[in-house]
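Trainee: Give the three-dimensional model of this entry:
(one chain, ligands or ions: 1)
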Amino acid sequence: MTEAIPYFDLPAQLRGIRQEIDAALARTIDHCSFCLGPDVAQFEKDFATYLGAPHCVGCNSGTSALHLAMRLLGVGPGDEVITSPFTFVATSWAISYVGAKPVYVDIDDATFNLDPQRVERAITSRTAAILPVHLYGHPADLDPLLDICRQHDLPLVEDAAQAHGAKYKGKAVGTFGRISCFSFYPGKNLGACGEGGALVTDNAAFAARARALREHGSTQRYHHDEIGFNYRMEGFQGAVLGVKLKHLEKWTNERRRVARRYHELLADTPLQLPREAAWAESAWHLYVVRHPQRDQLKQHLEANQVGCALHYPLPLHLQKCYADLGFKAGDFPVAEKAARECLSLPIYPEMTGARIQRVATVIKEFFQKQGGRG
Ligand SMILES: Cc1ncc(COP(=O)(O)O)c(C=O)c1O
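Mentor: As a prediction, the model looks like this:
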């Protein structure tokens, strides 16, 4: 019997570090530091050092971090925030939570990220921020976006939820925006054993206010300076993330190995393969191939016990929750085509050469059956 290949193998990751995780969790229990506490404080320091960023504020999710970013920048009703329609919905939630309007612009076909030229055209007097996403771990083209921000005196907020360890022109993503946000959802390259996120900034005042906002708007117990939230990171998650962070660079290199091998094995198939732009080092959160017969290929992979997934089948401008924005099919053709064609193949540090080979073999069988190349 051939082995089923999971789309993502969290048990394999945890097996390799289980003793370290158990010891770290035991220490958290011994301290009884369950909400924030020393493990979270240490992780914040370590993650900031890893990125080369001055301040990191741990939160209970990436969504919360994005929400805090909008609050810190004073984005509110009547404001517009320019962002991508081709991302996980939480990017847009942050804008909606503060009563502002997401203004989508179409993506760049090669990187799936915000197209700077279209961003420029979307700016109005109500634009309050630009919010690019480093989708699938591949950096957005930040320099042109930062130029636009400088010209129009706008803040850039990076949604780096999928891009821990990715680099733009040699520098870690998450260090370019006025504020950057990460997610530590378990499936991310750096994932908690539960929910988690972080806000990163070089602005000490933003960091201090984010610390207060995540803790009910208070710096002194039972004194609340502004309306805040319970967005604290749990002690357990700080402990787990501290352990996993030590492995992240090695894991990112392993992801790169898997991506390189897919490139080699799939080069002669009709698939459009993901490529790093000249200025990018992707974190390879996802390995996303494209083909017009994506749905049939997905069925074929699943029938052969190869896990795969869709990121994302419906762009945000066509989601029911955003119907009141008045968009229709055809408004963002590049994003809509990507949504029809994208298929995420299994990629994780523990993926063996044999598994990669088998994924490629099953894909080639599909195209042979179709009478295509491969
Ligand atoms: C691009 C993007 N933005 C934001 C988020 C939200 O992060 P979280 O799930 O930690 O709230 C995610 C993760 O799910 C994401 O992929």
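Trainee: Look at residue 283 and say how many residues are nearby.
Mentor: The local packing count at residue 283 equals 28, with neighbours defined by other Cβ atoms under 10 Å. (Glycine included, C-beta is placed from N, CA and C.)
Trainee: ugh, wrong one, residue 141
Mentor: Neighbour number of residue 141 under other Cβ under 10 Å is 19.
Trainee: and if you look at residue 355?
Mentor: For residue 355, the count of nearby residues is 19 (other Cβ under 10 Å).
Trainee: Make sure it is actually in contact with residue 346.
Mentor: Yes - with contacts counted by Cβ atoms under 8 Å, residue 355 reaches residue 346, the gap being 7.1 Å.
Trainee: Identify the contacts common to the two.
Mentor: Overlap between the contact sets of residue 355 and residue 346, as judged by Cβ atoms under 8 Å, 6 or more residues apart in numbering, is given by residue 5.
Trainee: what residues are up against the closest residue to the ligand within the chain?
Mentor: Per Cβ to the nearest ligand atom, the residue of the chain with the smallest distance to the ligand is residue 62, at 2.6 Å. Residue 62 is in contact with 90, 159, 161, 181, 182, 183, 184, 185, 196, 197, 198, counting by Cβ under 8 Å, 6+ apart.
Trainee: out of those residues, which are inside helices?
Mentor: With helices defined by DSSP state H, the entries of the contacts of residue 62 inside them are residue 90.
Trainee: The contacts of residue 62 into JSON lines, with extra columns for distance to the ligand and pLDDT?
Mentor: Written out in JSON lines, the entries for the contacts of residue 62 read as follows (distance: Cβ to the nearest ligand atom, whole Å; pLDDT from 0 to 100):
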{"residue": "90", "distance to the ligand": "4", "pLDDT": "98"}
{"residue": "159", "distance to the ligand": "5", "pLDDT": "98"}
{"residue": "161", "distance to the ligand": "3", "pLDDT": "98"}
{"residue": "181", "distance to the ligand": "7", "pLDDT": "99"}
{"residue": "182", "distance to the ligand": "8", "pLDDT": "99"}
{"residue": "183", "distance to the ligand": "3", "pLDDT": "98"}
{"residue": "184", "distance to the ligand": "6", "pLDDT": "98"}
{"residue": "185", "distance to the ligand": "4", "pLDDT": "98"}
{"residue": "196", "distance to the ligand": "7", "pLDDT": "98"}
{"residue": "197", "distance to the ligand": "5", "pLDDT": "98"}
{"residue": "198", "distance to the ligand": "10", "pLDDT": "99"}
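Trainee: In this structure, where is pLDDT below threshold?
Mentor: 1, 372-374 (pLDDT under 70).
Trainee: tell me which of the contacts of residue 62 is nearest to residue 35?
Mentor: Among the contacts of residue 62, residue 196 lies closest to residue 35 (Cβ to Cβ), at 12.7 Å.
Trainee: burial count for the closest one?
Mentor: Counted with other Cβ under 10 Å, the burial measure for residue 196 works out to 30 neighbours.
Trainee: That one contacts residue 233, doesn't it?
Mentor: Yes - using Cβ under 8 Å, residue 196 makes contact with residue 233 at a distance of 5.7 Å.
Trainee: roughly how far apart are residue 231 and residue 36?
Mentor: Between residue 231 and residue 36 the computed distance is 11 Å (Cβ to Cβ, to the nearest Å).
Trainee: Pull up the overlap in contacts between the two.
Mentor: With contacts taken as Cβ under 8 Å, 6+ apart, residue 231 and residue 36 have residue 215 as neighbours in common.
Trainee: Comparing the two, which shows the higher neighbour count?
Mentor: residue 231 (22 against 18).
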